[in-house]
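Q: Build the 3D model from these lines:
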Amino acid sequence: MTSSTDRAPDRAEELAVVARRVAETAARHVRVRRSELFAPSGTRSHDTSVSAKSTPTDPVTVADTETEALVRRLLQEERPGDAILGEEEGGSVAVPDGVRWVVDPIDGTVNFLYGIPAYAVSVAAQIAGRSVAGAVVDVARETTYWAWTGGGSYACAGSEPAPHGEPIRLRANPIDDIGLALVATGFAYNASRRAQQGVLMAQLLPRVRDLRRIGAGALDLCMVASGAVDAHIEHGLSPWDWAAGGLIAAEAGAHVVLPPADSRSSDGDATIAAAPGIAADFLSVLEEIGAVGPLAE
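A: Just a heads-up that it's a prediction; the model follows:
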């Protein structure tokens, strides 16, 4: 075991190993719990398994809370001196001199609830509010994405338990024409902000190839890294949504713009990632339509 006070072991690659191991363990739990909580059709087997969070359209399941508790326990066993910020239980602001883990137990809870196979576990390590290592596990596809500062981004797929397949080094697409860009986006749970986002996307759509709405911000950012999409724009993500995925996209060569380390969804800041060849043009278009700044609720 190591502590955040032991400065030598706090190398980004070692933190990435911890992030990956914890995220993969949590993803196995999520995979099992979905089969236990939901019938094959997606119908809930227990009415008490779901409750509302920020709005009636923003659900939290018992699997979210269980999984975050599991991640916290695993991190405390491996890194007992570190701070933890999680979507469900909250936690510390950025720690100036130590490591803070930022956790989303299930990113894409609505997809999880409906049985749409696009939801993820995200675990990131931050130092002074900056992500230095992180892992995102696409639970349904059993694919892990991970990165650390200066070390690049990787992905591999495999059945549980290990071993995994050979890691693949990720690179953002070598696209240079924004008109051919496939862009991922997402929409807020708050109706007012969702309406504003709809107006912005209506202006963006004629300028790019097409839009995709996957429903999990962490996966959107990993898709920029892997080349499954060329860019991503979304307002109102919290740190647990982008802490790991933003690093993974950046280490794959994407140009990434992130909210402040301790922002929250209510602040409405933009999270942006774009393949390097279209980044300047993409940001220019976003500036033109008023999509770079925050959107109020």
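
Q: from here on, contacts and neighbour counts on C-alpha atoms
A: Will do.

Q: Any regions of this structure where pLDDT drops low?
A: Within the chain, the stretches with pLDDT under 70 are 1-10, 39-60, 90, 92-96, 158-164.

Q: separation between the residue nearest to the spatial centre of the chain and P167?
A: Computing the C-alpha centroid of the chain and ranking residues by Cα atoms, centre = their mean puts A218 first, at 2.1 Å. As judged by Cα to Cα, to the nearest Å, A218 and P167 stand 19 Å apart.

Q: Same question for V139.
A: For V139, the distance to P167 equals 17 Å [Cα to Cα].

Q: And A155, by the same measure?
A: Using Cα to Cα, one gets 5 Å for the distance from A155 to P167.

Q: mind checking how far the helix with the most length in the chain is from the chain centre?
A: When the chain is parsed with DSSP state H, its longest helix is helix 12-37. Offset of helix 12-37 from its chain centre (Cα atoms, centre = their mean, to the nearest Å): 14 Å.

Q: List the buried residues of that helix.
A: Of the residues in helix 12-37, 12-13, 15-30, 33-34, 37 count as buried by neighbour count, 16 or more other Cα atoms under 10 Å.

Q: buried residues in stretch 167-181?
A: Within stretch 167-181, the residues that count as buried by 16+ other Cα under 10 Å are 169-173, 175-176, 178-179, 181.

Q: next one: stretch 287-297
A: So stretch 287-297, judged by 16+ other Cα under 10 Å, has buried residues 291-292, 294-295, 297.

Q: Out of those residues, list just those in strands.
A: Among the buried residues of stretch 287-297, no residue falls in strands (DSSP state E).

Q: Just put those residues in a markdown table and tack on distance to Y114.
A: Below are the buried residues of stretch 287-297 laid out as a markdown table (distance: Cα to Cα, whole Å):
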| residue | distance to Y114 |
| --- | --- |
| A291 | 30 |
| V292 | 31 |
| P294 | 30 |
| L295 | 28 |
| E297 | 26 |
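
Q: which two in these are spaced the farthest apart?
A: V292 and E297 (15.6 Å; Cα to Cα).

Q: what's the angle between the helix or strand hosting A244 and helix 12-37?
A: For A244, the host element (DSSP states H and E) is helix 239-251. Helix 239-251 runs at 130 degrees relative to helix 12-37, counting by axes from the mean of the first three to the mean of the last three Cα atoms, to 10 degrees.

Q: what's helix 239-251 packed up against?
A: Counting contacts by 3 or more Cα pairs under 8 Å, 6 or more residues apart in numbering; DSSP states H and E, helix 239-251 packs against strand 99-107, strand 120-127, strand 130-138, strand 143-148, strand 152-157, helix 217-226, strand 255-257, strand 270-274.

Q: tell me the domain ranges of the protein?
A: Annotated domains of the chain cover 12-169, 178-289 [automatic domain parsing].

Q: distance of S153 from A172?
A: With distances taken as Cα to Cα, S153 is found 10 Å from A172.

Q: okay, and the common contacts of those two?
A: When contacts are counted by Cα atoms under 8 Å, 6 or more residues apart in numbering, S153 and A172 are jointly contacted by 225, 249, 252.

Q: Skipping adjacent residues, who's closest to the first one in space?
A: Counting by Cα to Cα, 6 or more residues apart in numbering, A225 lies nearest to A249, which is 4.4 Å off, once chain neighbours are set aside.
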